[in-house]
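1. show me the folded form of this:
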Amino acid sequence: MMIEKEKMLAGLLYDPGRDSLLANERLHALDLCFQLNHLSPIETEKRKQLFIALLGKTAQQFTIMPGFQCDYGYNIEIGENFFANYNCIMLDAAKITFGDNVLVAPNCGFYTSGHPLESEIRNSGLEFAKPITIGNSVWIGGNVIVLPGVTIGNNSVIAAGSIVDRDIPDNVVAMGSPCRTYKQLPNL
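-> Residues are numbered from 1 along each chain as shown. Coordinates of the predicted model:
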């Protein structure tokens, strides 16, 4: 029989509220996020070390501005030259993977968690999680929301205010709610 964490990581329905292991892991991540968000701006080395402790994988060069929140941390992987501006939220019950040279504007959310459409199941407290993958050299504009199970291709740009509910291919500008390809970019 699978424990709730195994179900969560396998993308199955799981109950995050009645599992002490998951609750303790969320509390640990919440504490690290609190510490990060209350550091003086000049404490850059301490900030970097806290992010290394929180996240599943980091590169050598990255910047994540204050206002960062996540559920677990260990399911987040960031590539080289990653930049996330203020107020970034990552609900990482499933893996969130960012390639190299990714820019994330302010107030963006990456939500791997979702809830069943059937109210009876949803009311029982069950949820699911599906991974999010962001390719290399992606620019995500301000106030963008990326929903569970989405992949954004290499070299693509997501315009501000978009809600990304399906995969976006390589080398495009995409925008809207729901987010759709607006124009093709040259392959570099």
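2. go through this structure and flag its longest helix.
-> For the chain, the helix reaching the highest residue count under DSSP state H is reported as helix 20-37.
3. which helices and strands does that one pack with?
-> helix 4-9, helix 44-54, strand 69-70 (3 or more CB pairs under 8 Å, 6 or more residues apart in numbering; DSSP states H and E). Just so you know, the C-beta spots here come from the backbone N, C-alpha and C atoms, and that holds for glycine as well.
4. among the ones you listed, which comes closest to G142?
-> strand 69-70 (16.7 Å; CB to CB).
5. list the buried ones in the longest helix of the chain?
-> Residues of helix 20-37 classed as buried: L22, E25, R26, A29, L32, C33, L36 (neighbour count, 16 or more other CB atoms under 10 Å).
6. repeat that for stretch 11-21.
-> Of the residues in stretch 11-21, G11, L13, Y14, P16, D19 count as buried by neighbour count, 16+ other CB under 10 Å.
7. where is pLDDT lowest across these?
-> Among the buried residues of stretch 11-21, D19 has the lowest pLDDT, at 89.
8. mind listing what the nearest residue to it once chain neighbours are set aside touches?
-> Nearest residue to D19, sequence neighbours excluded (CB to CB, 6 or more residues apart in numbering): E4, at 3.8 Å. The contact partners of E4, taken as CB atoms under 8 Å, 6 or more residues apart in numbering, are Y14, D15, P16, R18, D19, L21, L22.
9. the same query, at a cut-off of 10 Å, please.
-> By CB atoms under 10 Å, 6 or more residues apart in numbering, the residues touching E4 are 12-23, 126.
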